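>>> 3D model of this:
(one chain, ligands or ions: 1)
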Amino acid sequence: MIKGYYHTVAERFMRYVTIDTQSNPESDQHPSTEKQKDLSNLLAAELKLIGLEDAHADKFGYVYATISSNTGKKVPVVCFCSHVDTAPDCSGNNVKPILHKNYNGKDIELPDDTTQVISKKDYPYLKEHKGHDIITASGLTLLGADDKSGVAIIMDMANYLITHPEIKHGNIKILFTPDEEVGKGTTMLDLKKLGADYAYTLDGGEAGTLEDETFSADGVRITIHGVIAHPGYAKNKLVNAIKIAGEIIDALPKEEWSPETTSKRKGFVHPVAINGIAEKATIDFIVRDFDTLELARHEERLQSIAEKVLKKHSKKATMEFKVTQQYRNMKEVLDNNPKVIAYAKQAYRHAGLKIENEPIRGGTDGSRLSFMGLPCPNLFTGMQAIHSKHEWIGVKDMEKAVEVLVNLVQVWEERSV
Ligand SMILES: [Zn+2]
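Numbering: from 1, shown residues only. Reported below is the predicted structural model:
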């Protein structure tokens, strides 16, 4: 908590989560659901009220705004970004946030479905919030802390900076995106219009976590062409592509090299879909590793396993092996821009936080932004048990995140000339 400042973050958060902004993976519209704009338009209007004159929401549901520089120094333009949508995994309709004042440290039974219990056993981090305020949903929906906590933190930071002009900073850009949860958060983003040099997403968990490393990711599609014949007269002719696909899956290692057998820094190959008929079948894989060079090795190994299976069959069956690049470990970009992490660490330390630097076994919009030319690690908001009815967040973590952002814009200013 920043001394002498009345934080607006919890109050804003409680309002934003009541607006349904669930995105839809089946849609090919931008945004994937029109209702996301309900929040985007509200945020643009509130930013204007705070005093950011250029704040606006565009037709795709992105919100852009600038907090203008109040220093004579030449400071790089830093952007803070979070997403307005909530995950399709769990209902986001009619969210009823509950503020548990001075949380008593006990398991929390949610009132609208008492079988939903947020327990200390499942969420040991609850213990650190005893005596502080926490916010949960009511049992029928997710809460939407992912990522409306990030949104509320950025809004409170804007409010703080505008009401405290003694805090010196360069130009700061605010960006709210739609459709992060369906992997399209950057699709219609206008980076030129945004005009930022560096960015930070606010989309992480426990206070103190600082995420600067993601998987590198490829997709692989193996297409098997069998040989089709009338099944009544198919002897020594028919080669069934579905059966070959099954054999390839069976030939994959069972004790290693899969999501279910790896953790920490180990990569994997993971079949996600099989489709086909006897004549032709496809298997889709995702390939993941922190080391981008290792991806190629995983792919070679997969290809040789598949080719071996194919060889056992008549030469008439053939196979195609196609690799598609998905995203890359943001660390490759961040290592070339060491200030971004160094300054964030300094801002965390100023706020009295112990820094947790875990790699993310997945991707973020930050990894896409980093490779689009905008180096972008991920900062904490406090969100817990995301994409579920148990989702909860501690108010003190959100306030701490605001403090980190206020520190961070000052570090960028102090280190500039
Ligand atoms: Zn998120």
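
>>> where are the low-confidence patches of the chain?
The chain contains no residues with pLDDT under 70.

>>> helices of that one, start to end?
9-16, 36-50, 145-163, 191-194, 241-250, 292-311, 331-334, 339-350, 365-371, 395-414 (DSSP state H).

>>> now do the contacts for the residue nearest the centre of the chain.
Geometric centre of the chain, nearest residue: Thr364, 4.0 Å, by CA atoms, centre = their mean. The contact partners of Thr364, taken as CB atoms under 8 Å, 6 or more residues apart in numbering, are Thr201, Asp203, Glu211, Thr214, Met330, Asn378. To be clear about C-beta, it is placed using only N, CA and C from the backbone, and glycine gets the same treatment.

>>> make it 10 Å
With contact taken as CB atoms under 10 Å, 6 or more residues apart in numbering, Thr364 is in contact with 83, 180, 185, 201, 203-204, 211, 214-215, 327, 330, 370, 376-378.

>>> can you pick out the most distant pair from those residues?
Greatest spatial distance among the contacts of Thr364 (CB to CB): His83 and Phe215, at 19.1 Å.

>>> what is the neighbour count of the closest residue to Phe13 other than its chain neighbours?
Nearest residue to Phe13, sequence neighbours excluded (CB to CB, 6 or more residues apart in numbering): Ala152, at 3.9 Å. As a burial measure, Ala152 scores 30 neighbours (other CB atoms under 10 Å).

>>> one more: Lys254?
Residues near Lys254, counting by other CB under 10 Å: 10.

>>> ok, Glu307 next?
Residue neighbour count, defined by other CB under 10 Å, stands at 12 for Glu307.

>>> pretty sure it contacts His313?
No: if you go by CB atoms under 10 Å, Glu307 and His313 don't touch, sitting 11.1 Å apart.

>>> spatially nearest residue to the residue in the stretch 301-417 of the chain that the ion sits nearest to (excluding sequence neighbours)?
Relative to the ion, the nearest point of the stretch 301-417 of the chain is Ile386 (6.9 Å; CB to the ion). Spatial nearest neighbour of Ile386, chain neighbours left out: Asp146 (4.0 Å); criterion: CB to CB, 6+ apart.

>>> isn't that neighbour right next to His83, touching?
Yes: look at Asp146 against His83 with CB under 10 Å: they come within range, at 8.3 Å.

>>> overlap in contacts, those two.
Between them, Asp146 and His83 share the contacting residues Glu180, Glu181, Asp203, judged by CB under 10 Å, 6+ apart.

>>> residue contacts, Trp257?
Counting by CB under 10 Å, 6+ apart, Trp257 touches Lys266, Gly267, Phe268, Val269, His270, His298, Arg301, Leu302.

>>> and Lys345, what does it touch?
Leu210, Asp212, Leu353, Ile355, Asn357, Leu408, Val411 are the contacts of Lys345 under CB under 10 Å, 6+ apart.

>>> any idea how far Glu399 is from it?
20 Å (CB to CB, to the nearest Å).

>>> circling back to that earlier point, between the contacts of Trp257, which is nearest Ala281?
Distances from Ala281 to the contacts of Trp257, taken by CB to CB, are shortest for Leu302, at 15.8 Å.

>>> what's near enough to touch the closest one?
Counting by CB under 10 Å, 6+ apart, Leu302 has contacts Val220, Ile222, Ile248, Leu252, Trp257, Val269, Pro271, Ile283, Phe285, Val287, Phe321, Val323.

>>> go ahead and confirm the third one touches Val220.
No: shown here, Ile248 and Val220 do not form a contact pair, counting by CB under 10 Å, at 11.4 Å.

>>> neighbours around the residue nearest to Val84 when sequence neighbours are not counted, how many?
Excluding the flanking residues, the one nearest Val84 by CB to CB, 6+ apart is Leu39, at 4.7 Å. Leu39 has 27 neighbours, counted by other CB under 10 Å.

>>> wait, Glu109 sits on Gly139?
Yes: counting by CB under 10 Å, Gly139 is a contact partner of Glu109 at 8.3 Å.

>>> overlap in contacts, the two.
Thr115, Gln116, Val117, Ile118.

>>> now those residues: which count as buried?
Neighbour counting by 16 or more other CB atoms under 10 Å classes Gln116, Ile118 among the shared contacts of Glu109 and Gly139 as buried.

>>> gap between Leu369 and Thr214?
In terms of CB to CB, Leu369 sits 11 Å off from Thr214.

>>> and those two? which has more neighbours close in?
Neighbour totals were compared for Leu369 and Thr214, and Leu369 leads with 28 against 25 (other CB under 10 Å).

>>> ok, now which ones touch the more buried one?
By CB under 10 Å, 6+ apart, the neighbours of Leu369 are 79, 81, 175, 177, 185-186, 189, 191, 194, 196, 198-201, 330, 333, 375-376.

>>> which members of these are classed as buried?
The neighbour-count test (16+ other CB under 10 Å) marks 79, 81, 175, 177, 185-186, 189, 194, 196, 198-201, 330, 333, 375-376 as buried among these.
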